[in-house]
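In: just to be clear, the model below is a prediction. Sequence and coordinates:
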Amino acid sequence: MEPKNVKEAMTDPAWIDSMQEELLQFKRLNVWVLVPAPDNISPLTLKWLFKNKHDEEQTVIRNKSHLVVRGIFLAYAAHKSFTVFQMDVKTAFLDGSLKEDVYVCQPEGFIDADHPSHVYKLKNALYGFKQAPRAWYDELSTFHLQNHFFKGTIDPTLFIRCFQDDILVVQVYVDDIIFGSTHP
């Protein structure tokens with residue numbers, strides 16, 4: 001069951017682990033550094049989002065916690081009267097290119113009868129690779145930049161493209177994408 005707030009999440013060790021995992025990703029990706037608050041600034045507030053990931057039988061297989069800036073994208077979208085869409089990229093991590101050669105065994109139960117001793121050389125990232133989220137982000141970022149988007153200066157997961165009087169804004173969080181436009 002998905003918690004409604006942090007207080008509720010903090011009563012469940014599985015959700016605490018999920019939140020800690022999210023914070024470890026922030027540390028690993030060097031997302032932030034703790035500093036004294038500068039004078040005359042109002043820091044943006046953060047919000048935890050909680051989501052259960054399910055398998056085909058709708059059994060919960062994973063608790064997923066996301067730490068996001070509270071309402072910035074949606075507030076901006078509302079201010080500009082954007083039409084907003086959301087999507088989850090189902091096989092996102094399989095689309096990321098690898099920078100090194102990686103070989104994996106054939107999957108148990110699916111060994112090629114003609115080549116039982118062969119291995120697979122991966123051409124793209126695979127689920128479970130610690131590099132998979134970064135490879136996916138790099139692939140998506142390259143696509144956006146090649147298609148005349150520019151990357152947010154404060155938030156590198158925000159992509160913006162302007163067309164005369166219209167604007168398209170894309171916010172990426174791992175395999176979740178929300179986008180809005182003045183002209184859908």
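Out: Happy to help now that I have it.

In: for Leu49, give its distance to Ala125.
Out: 24 Å (Cβ to Cβ, to the nearest Å). Bear in mind the C-beta positions are built from the backbone N, C-alpha and C, glycine included.

In: which of the two has more neighbours?
Out: Counting neighbours by other Cβ atoms under 10 Å for Leu49 and for Ala125 shows that Ala125 has the greater number, 24 against 13.

In: find me the pLDDT at the more buried one, would you?
Out: We have a pLDDT of 75 for Ala125.

In: quick one, phi psi at it?
Out: With angles defined as degrees, to the nearest 10, Ala125 sits at phi -60, psi 160.

In: ok, now which ones touch it?
Out: 93-98, 131-132, 135-136 (Cβ atoms under 8 Å, 6 or more residues apart in numbering).

In: got the CA coordinates for the helix or strand bottoming out on mean pLDDT in the chain in CSV?
Out: Lowest on mean pLDDT, DSSP states H and E among the helices and strands of the chain sits helix 72-79, with a mean of 75. The C-alpha coordinates for helix 72-79 follow below in CSV (Å, rounded to 0.1, in the frame of the first residue of the first chain):
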residue,chain,number,x,y,z
ILE,A,72,7.4,23.6,-9.8
PHE,A,73,6.7,21.9,-13.1
LEU,A,74,2.9,21.8,-12.6
ALA,A,75,2.8,25.3,-11.2
TYR,A,76,4.7,26.6,-14.3
ALA,A,77,2.5,24.6,-16.6
ALA,A,78,-0.7,26.0,-14.9
HIS,A,79,0.7,29.5,-15.1
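
In: what does that helix contact?
Out: Helix 72-79 is contacted from outside by 44, 82, 84, 158, 169, 171, 178, 180, using Cβ under 8 Å, 6+ apart.

In: cool, thanks, talk later.
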